[in-house]
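A.B. asks: Need a 3D model of the following:
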Amino acid sequence: MQPTREPLRSLIYAAAERAVRHVFVAGRQVVRDGKVLTMDYAAAAAGVNDSQQRALAKTSSLDWAGRTIDELAPPAFRYVGSNVR
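C.D. replies: Okay, the predicted model is just below:
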């Protein structure tokens, strides 16, 4: 990492996640081999997905013109299952 004058600042603000392998907080390891040990990734991803689906379902009711999410923010690329024609 460069510049070498402020290595801690470079680590915090410019390093990619692969630069950090292990993290200890108050003597407790919270990251091992780049993996966070203190959270359940599958449960967190499922929660985010569920929240997004609930928000998307409300889109038309919250828009003054009743537009769908695909009308308001069309996907950049067409994909299988897309409502965009």
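
A.B. asks: where do the helices sit along the chain?
C.D. replies: Assigned by DSSP state H, the chain shows helices spanning 7-14, 41-62, 69-72.

A.B. asks: deepest of the ones you listed, which one?
C.D. replies: Most buried of those, by mean neighbour count (mean count of other C-beta atoms under 10 Å): helix 69-72, with a mean of 14. Heads up, the C-betas are built off the backbone N, CA and C, glycines and all.

A.B. asks: Who are the packing partners of it?
C.D. replies: helix 41-62 (3 or more C-beta pairs under 8 Å, 6 or more residues apart in numbering; DSSP states H and E).

A.B. asks: nearest to Arg32, of the helices of the chain?
C.D. replies: helix 41-62 (13.8 Å; C-beta to C-beta).

A.B. asks: Just tell me which of the helices of the chain ends up closest to Lys35.
C.D. replies: Here helix 41-62 is closest among the helices of the chain (C-beta to C-beta), at 8.6 Å.
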